[in-house]
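# What would the 3D arrangement of this be:
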Amino acid sequence: MGAQPTVAMPSRGRHGCGGYVPPQSPGGSFRVAVRMELAKLRRLRTTPIVTVLGVTAVAFAAPLSASSRAGLNDPAAHPWEGILLQYALINALFSPILVAVLASRLTDIEHASGGWYLSATAGLTPGRLCRAKFATLALVLVPTLALQTLALILAACTAGATVPLPIGIWAGYTALLIGVDLAMCALHVLLAAVLDNQLACVGLGLVGAFIGVYMFLAPAWLARLLPWGYWAMICPISQVGTGDVMVARPPLGWIAGFLGLAAACFYAITSRLDRIER
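Down below sits the predicted model:
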């Protein structure tokens, strides 16, 4: 088993880097922890990773070829639905890698530098530190995914799409995409915190990418049982016949259950980390 990233009862009033920090309220110390995690993200050069994956996702989903631009002006061809289906497939491939890499990089620094112990001396227990890391990654993922969707819509309009955009379908999918990405990010933060070797965390993200794409072809019952299957389940578009697409309502009950279960597991395990001494 991997070493538990937990520590003994921390002392008060001492910062992880050795500087004195006056006593703070729990909310204030948590905000400070989030700011520190944002600083770590900048030092870890995560912006290029997020940018490359986001731009690549838009490039693969955007109607850039002549054949893909052929039906952009034909309402009967359902161009926006076709683009959204392609976008969902690309997200199922890239999102597992994105959340795994971000969670692994932000958490591995604690293993490499004894950060669990140093943070505990400032009163930030391992569970609270994991929650701060998740909050920090949420601040990155939410605007990134929203901007990614807007960039794809802009690219399609630039390519010549004149059919009215079904805003509700696109907005609903983007909201569900953010929810699933955040849920999987929370689970990857826990995995990266428990395991010293981050190859397992990143490797699971790579395997999850292939599973996520395959779930578009797998039976619905199988997609419900696997966390990576929810990138396929949130897609509101299905393909029928020889390429025709149709709007299909996602199983919101199952999706809500998965998001609730992920949140409950994250809270329970991080609370447990706060109570375990290393």
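# pretty sure residue 82 belongs to a helix, no?
Yes - assessed with DSSP: H, G, I helix; E, B strand; the rest coil, residue 82 lies in a helix.
# How about the secondary structure of the residue nearest to it when sequence neighbours are not counted?
Sequence neighbours aside, residue 245 is the residue nearest to residue 82 in space, at 5.4 Å (criterion: Cβ to Cβ, 6 or more residues apart in numbering). C-beta coordinates here come from the backbone N, C-alpha and C atoms, glycine included. Here residue 245 is recorded as strand under three-state DSSP.
# bridging residues for residue 245?
Partner residues in beta bridges with residue 245, using DSSP bridges, are residue 239.
# mind listing what it touches?
Neighbouring residues of residue 245 by Cβ atoms under 8 Å, 6 or more residues apart in numbering: 78, 81-82, 85, 237-239.
# which secondary element of the chain has the worst mean pLDDT?
Within the chain, confidence by mean pLDDT, DSSP states H and E is lowest for helix 115-121 among all helices and strands, at a mean of 74.
# OK, contacts around the residue nearest the centre of the chain?
Nearest to the geometric centre of the chain sits residue 181, at 3.0 Å (Cα atoms, centre = their mean). Residue 181 makes contact with 95, 98-99, 141, 145, according to Cβ under 8 Å, 6+ apart.
# circling back: roughly how far does the residue nearest to residue 82 sit from residue 85?
Going from residue 245 to residue 85 by Cβ to Cβ, to the nearest Å gives 6 Å.
# again with residue 151
According to Cβ to Cβ, residue 151 stands 18 Å off from residue 85.
# try residue 254
For residue 254, the distance to residue 85 - Cβ to Cβ - is 20 Å.
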